[in-house]
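> return atomic coordinates for the entry below.
(one chain, ligands or ions: 1)
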Amino acid sequence: MTDTALLAVLIAAVAGLLAGRAWAATRRRAELRTRPGFRSSPHYTEGLHGLATGQLEAAIRELNKVLREHPDAVEVQQVLSHLYREVGQVERAIEIHRSLLGRADLTRAERAYALASLGTDYRKAGLLDRAARSYGEALSVDPKNVHALVGQQKLHEDQRQWREAYDAQTRLARLRKSDDGLVLGHLLLEMGKEALLAGRREAAEEAFRTALSLERRVFPAYLALAELWAERDPRRAAAILEDAIAAVPERAYLAFSPLEKAYAASGEPSRFVALCERLVAQNPRDWRARLAFARYLRADGRAGEALGLLLRALEANPHVLIVHLEVWRTLRALDVLGPEEQRYVATVEESALYVDPHICTVCRYRADDMLWRCPHCHEWNTLVEERVGPAAGGQPW
Ligand SMILES: [Zn+2]
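Model prediction:
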């Protein structure tokens, strides 16, 4: 439902853009040649209505009627092919783009746009070589075609060609004058990971550091850097992880486990307690800090204290199943459960209940874990913890 609404808004935006271009282009062409006034067709209005309300099939039907009346309406063909692609009929989209490209009267921008769109059709259809070729052709017609550059960048990402993706993103950032540090940082991180796999430790470290110098919120770059130093110099690893928490406090929980190990390895396990206490005091709703602290206490034989902490975490976050699970485990550690209850806890522990729900803020894709690149919309750093239930003070999604 929400996905459809989002899609509709997106398509409406594309349509708006194209309509704007159409208007300007129509005016420009009025002197050159006469193109039929498709915009006066009632089916065009109906088609736009379908777009705006997310009724894509209806929009397709109406725009096809417009095309029967005005077979030359380039803009309608562009929108229609987008729609076909969105509803999964990529072959139809390809067909339209190919016939468009066969025309001799396209402007340079129109040709580049059609080529770029064809590239995206091919990418959706999994024909990556053809996609790359179409994007390349689009850029040779118009080197500043953002649509083709974006497509090319995504194509490189899909194929894990991080260096090429990085170069394309750099060009895009320059062209759009946008700050793409976060994406560039993630791409550098991937390049660093590959260097590490190839045994080039120094190149990896360099890449991780450059990622953070571009954008200090690339949290997994700290994790990767700390892992590099974990064995050789745990104190240094701990310092890197502390920087991570300072830079992105809302992701602190992802550093808990390596940080606990780093403190222990450097002979200062009590610093983990101090960190948890500090985070708990800073944010009373931070159940993850409480959870990490409680686990630490329970492992330290202080299950009673752990239980108190968990029960307080539940007051503010009664919907978080992981905290409930931890309460049960702690009760078991306190030896207050009879055999029946023990069996019950064991059963729930094995079930798949304990998801840690995350949601993509762009496309609302859901995942049971923290992912740095959304597998659905392929955007970077867009997943956040999903809030459900009666979390006091929080905004339920
Ligand atoms: Zn997404």
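
> now do the helices in the stretch 201-350 of the chain.
Using DSSP state H, counting those that start in this stretch, the helices of the stretch 201-350 of the chain run over 201-214, 219-229, 234-247, 253-265, 270-282, 287-299, 303-316, 321-333, 339-350.

> what packs against the shortest one?
The helices and strands touching helix 219-229, judged by 3 or more C-beta pairs under 8 Å, 6 or more residues apart in numbering; DSSP states H and E, are helix 181-197, helix 201-214, helix 234-247, helix 253-265. For the C-beta atoms, the positions are set from N, CA and C on the backbone; glycine is no exception.

> so what's the gap between the shortest one and the chain middle?
Right, helix 253-265. In terms of C-alpha atoms, centre = their mean, to the nearest Å, the centre of helix 253-265 is set 26 Å apart from its chain centre.

> same question for the second one.
Here helix 201-214 is found 22 Å from its chain centre; the criterion is C-alpha atoms, centre = their mean.

> so can I have CSV of the helices of the stretch 201-350 of the chain showing mean pLDDT, distance to E46 and mean neighbour count?
What follows is the helices of the stretch 201-350 of the chain, written out as CSV (pLDDT from 0 to 100; distance: least, C-beta to C-beta, whole Å; neighbours: other C-beta atoms under 10 Å):
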stretch, mean pLDDT, distance to E46, mean neighbour count
helix 201-214, 97, 47, 18
helix 219-229, 96, 47, 22
helix 234-247, 96, 51, 20
helix 253-265, 94, 49, 20
helix 270-282, 89, 55, 16
helix 287-299, 90, 50, 22
helix 303-316, 91, 50, 19
helix 321-333, 89, 47, 18
helix 339-350, 85, 53, 12
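
> any chance of the helices and strands packed on helix 219-229 in TSV, with distance to the ion too?
Formatted as TSV, the entries for these read as follows, by distance: least, C-beta to the ion, whole Å:
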stretch	distance to the ion
helix 181-197	14
helix 201-214	21
helix 234-247	23
helix 253-265	19
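
> of those, which is nearest L334?
With C-beta to C-beta, the closest approach to L334 among those belongs to helix 253-265: 22.3 Å.

> now what about the closest one, what contacts it?
The set of residues external to helix 253-265 that reach it, using C-beta atoms under 8 Å, 6 or more residues apart in numbering, is 219-220, 222-223, 226-227, 230, 234-235, 237-238, 241-242, 244-245, 269-272, 275, 288-289, 291-292, 296, 370.

> repeat for stretch 343-361
The set of residues external to stretch 343-361 that reach it, using C-beta under 8 Å, 6+ apart, is 321-322, 325, 328-329, 331-332, 337, 365-371, 374, 376-377, 379, 382-386, 388, 397.

> what sits against the closest residue to the ion within the stretch 201-350 of the chain?
For the stretch 201-350 of the chain, the residue positioned closest to the ion under C-beta to the ion is P220, at a distance of 17.0 Å. With contact set as C-beta under 8 Å, 6+ apart, P220 has these partners: 186, 189, 254, 372.

> distance check, the first one against R171.
Applying C-beta to C-beta, to the nearest Å, the value for H186 to R171 is 17 Å.

> the two: which is more packed in?
When H186 and R171 are compared for neighbours, H186 comes out ahead with 26 against 17, by other C-beta atoms under 10 Å.

> I figured R160 hits M191, correct?
No - no contact is recorded between R160 and M191 when judged using C-beta atoms under 8 Å, the distance being 10.3 Å.

> more neighbours, these two?
Neighbour totals were compared for R160 and M191, and M191 leads with 21 against 10 (other C-beta under 10 Å).

> just the pLDDT at the more buried one, thanks.
M191 is assigned 97 on the pLDDT scale.

> touching, it and W162? I think so.
Yes - judged on C-beta under 8 Å, M191 makes contact with W162 at a distance of 4.6 Å.

> which residues touch R366?
With contacts taken as C-beta under 8 Å, 6+ apart, R366 has the following neighbours: 357-360, 386.

> nearest to the ion among those?
Top of the list for closeness to the ion, among the contacts of R366 and by C-beta to the ion, is C360 at 3.1 Å.

> for that closest one, give me phi and psi.
In this entry, C360 is assigned phi and psi values of phi -80, psi 130 (degrees, to the nearest 10).

> now for the closest residue to it other than its chain neighbours: which residues touch it?
Spatially, and ignoring its direct neighbours in sequence, C360 is nearest to C374 (4.4 Å; C-beta to C-beta, 6 or more residues apart in numbering). Each residue near C374 by C-beta under 8 Å, 6+ apart is listed here: 360, 362-363, 365, 380, 382-383.

> quick one: the residue of the stretch 201-350 of the chain closest to the ion from E137, how far?
P220 sits 36 Å away from E137, taking C-beta to C-beta as the criterion.

> thinking again about what came up before, list only buried entries from the contacts of C374.
Listed as buried from the contacts of C374 are 360, 363, 365, 380, 382-383; burial here means 16 or more other C-beta atoms under 10 Å.

> any chance of the residues you listed in JSON lines with secondary structure, pLDDT and distance to the ion as columns?
Rendered in JSON lines, the data for the buried ones among the contacts of C374 read as follows (DSSP: H, G, I helix; E, B strand; the rest coil; pLDDT from 0 to 100; distance: C-beta to the ion, whole Å):
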{"residue": "C360", "secondary structure": "strand", "pLDDT": "91", "distance to the ion": "3"}
{"residue": "C363", "secondary structure": "coil", "pLDDT": "89", "distance to the ion": "3"}
{"residue": "Y365", "secondary structure": "coil", "pLDDT": "88", "distance to the ion": "4"}
{"residue": "W380", "secondary structure": "strand", "pLDDT": "92", "distance to the ion": "10"}
{"residue": "T382", "secondary structure": "coil", "pLDDT": "90", "distance to the ion": "5"}
{"residue": "L383", "secondary structure": "strand", "pLDDT": "90", "distance to the ion": "8"}
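
> any idea which of these is the one closest to E86?
So of the buried ones among the contacts of C374, ranked by how close each gets to E86 (C-beta to C-beta), first place is C363, at 12.8 Å.
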